[in-house]
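After the sequence you'll find the predicted model.
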Amino acid sequence: MEADELDRSLLSALHAEGRAPWPKIASEIGSSVSTVRRRYESLQRRGIVRVIGRTDVSRLGYGPPAMVKYRGRDALRPEFLSCLQRHPNVRYLSATVGSAHCLAEIVPQSLSSLREILSDIGQDFAVSSEAFVVTHTYTSGQDWLPNSAKRDIDVEVRRPDVELSADERNILGMLLRDGRASFASLAAASDKSESTVRRIVETLLEQEIVSLRLLVEPQVLGFQAMFWALLDIEPSRLPEAASILAENPATKTLFATAGSCNLIGQFVLPRHTDTYAFTTQVLGALPGARSAETLLESATYKRVWNLVTGDSYGDVAGPAWLFGEGSGDS
């Protein structure tokens with residue numbers, strides 16, 4: 001499906017404030033409370049839209065993430081893609097056309113466990129992998145929405161690590177699944193009072209341990225082309241090149257990485273034919289650019305732990321150390 005004008009207004013309001021009450025959203029977009037509530041519930045029920053929590057896993061003592069290219073005889077087999085899709089440490093997965101058959105983002109509990117995860121995933125399939133460990137996030141795909149407010153880019157100030165209580169971790173895991181979950185439902189699921197849950201949620205938000213983001217597939221908003229670029233930039237020019245690219249409205253995600261390339265980005269364009277101009281005029285003009293490799297997305301199977309089928313979201317498959325021991329997706 002493609003969003004209509006009311007959908008787009010609703011999505012923009014939720015992108016700005018994920019837990020905003022329905023009367024406020026209705027007033028902002030010039031509709032009735034019953035209409036916006038009914039429209040959101042319909043989109044959510046069909047898996048078209050989700051409001052989810054986002055957290056910086058490094059502040060919790062986990063990670064760092066790694067982007068992993070897979071290629072080989074089995075790399076596009078349904079069984080291998082299903083294995084990756086359901087793996088709790090895989091946060092993102094797409095089939096790609098180019099030098100790799102699929103691309104995954106893997107979030108290990110620690111860097112030392114990344115090798116074990118890669119070995120575990122590949123042991124039953126004829127695939128080869130190449131990993132690029134994320135060393136810095138310039139902009140996150142969870143912050144992307146067309147015509148939205150300016151995103152935070154390349155925030156240099158590192159926020160202090162946090163040590164969460166068991167109750168805080170439990171509530172965090174539930175917010176990662178559903179950022180609009182009511183205090184009553186969170187209280188019932190955690191066996192805590194609503195006042196306690198409210199206080200925990202407010203603390204998590206105020207300390208920026210969790211923030212709320214809108215999850216929607218680009219094709220719902222009318223974008224046909226999605227691709228990744230793996231760039232090799234002269235190290236001294238990397239901050240300059242990354243800043244230019246992060247400001248581009250087509251940029252959905254941008255990471256500095258360790259490996260055979262040092263800058264990896266995901267880009268969204270209206271048409272596939274726009275890829276040529278973007279590659280030659282934008283990527284080709286970056287200061288210090290030495291090489292660029294592009295991977296066209298042919299299908300998305302997982303985004304921010306949510307399983308994807310077409311343009312809709314299904315189950316959440318994430319690690320127990322983030323979503324909770326009772327999540328059933330560990």
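Happy to help now that I have it.

buried stuff in the lengthiest strand in the chain?
Counting by DSSP state E, the longest strand found in the chain is strand 289-303. The neighbour-count check on strand 289-303 (16 or more other Cβ atoms under 10 Å) flags Ala289, Ala292, Glu293, Thr294, Leu295, Glu297, Thr300, Tyr301, Lys302, Arg303 as buried. C-betas here are computed from N, CA, C, even on glycine.

Where do the domain boundaries of this structure fall?
5-46, 59-153+217-313 (automatic domain parsing).

re earlier: ok, then the element right after the longest strand of the chain?
strand 306-309 (DSSP states H and E).

Distance from the chain centre to that next one, please.
Here strand 306-309 is found 12 Å from its chain centre; the criterion is Cα atoms, centre = their mean, to the nearest Å.

For it, buried residues please.
Asn306, Leu307, Val308.

quick revisit: now the domains of the chain as CSV including mean pLDDT and distance to Ser211?
Formatted as CSV, these follow (pLDDT from 0 to 100; distance: least, Cβ to Cβ, whole Å):
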stretch, mean pLDDT, distance to Ser211
domain 5-46, 95, 8
domain 59-153+217-313, 94, 9
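
Pick the most deeply packed of those.
Looking across these with neighbours counted as mean count of other Cβ atoms under 10 Å, the highest average goes to domain 59-153+217-313: a mean of 18.

How far does that one sit from its chain's centre?
10 Å.

quick revisit: who's in contact with the longest strand of the chain?
The contact list for strand 289-303 (Cβ atoms under 8 Å, 6 or more residues apart in numbering) reads 69, 81, 84-85, 90-100, 103, 141, 215, 217, 225-234, 241, 261, 272, 275, 279, 283-284, 307-308, 313, 317.

Repeat that for stretch 247-266.
Residues contacting stretch 247-266 (Cβ under 8 Å, 6+ apart): 67, 130-141, 144, 146, 153, 218, 226-233, 235, 238, 241-242, 245-246, 267-269, 278, 282, 291, 293.

Likewise for stretch 178-198?
Counting by Cβ under 8 Å, 6+ apart, residues outside stretch 178-198 touching it are 18-19, 50-53, 167, 170-171, 174-175, 200-201, 212-213.

Can you give me the buried ones in it?
For stretch 178-198, the neighbour count (16+ other Cβ under 10 Å) marks Asp178, Gly179, Arg180, Ala181, Phe183, Leu186, Ala187, Ala189, Ser190, Lys192, Thr196, Val197 as buried.

where does the fourth one land in three-state SS?
Meaning Ala181. coil (DSSP: H, G, I helix; E, B strand; the rest coil).

what's the spacing between it and Glu293?
For Ala181, the distance to Glu293 equals 40 Å [Cβ to Cβ, to the nearest Å].

start to end distance for stretch 113-132?
Stretch 113-132 has an end-to-end distance of 15 Å (Cα to Cα, to the nearest Å).

swap in stretch 256-266?
End-to-end distance of stretch 256-266 (Cα to Cα): 12 Å.

Just say helix, strand or coil for Ala184.
Three-state assignment for Ala184 (three-state DSSP): helix.
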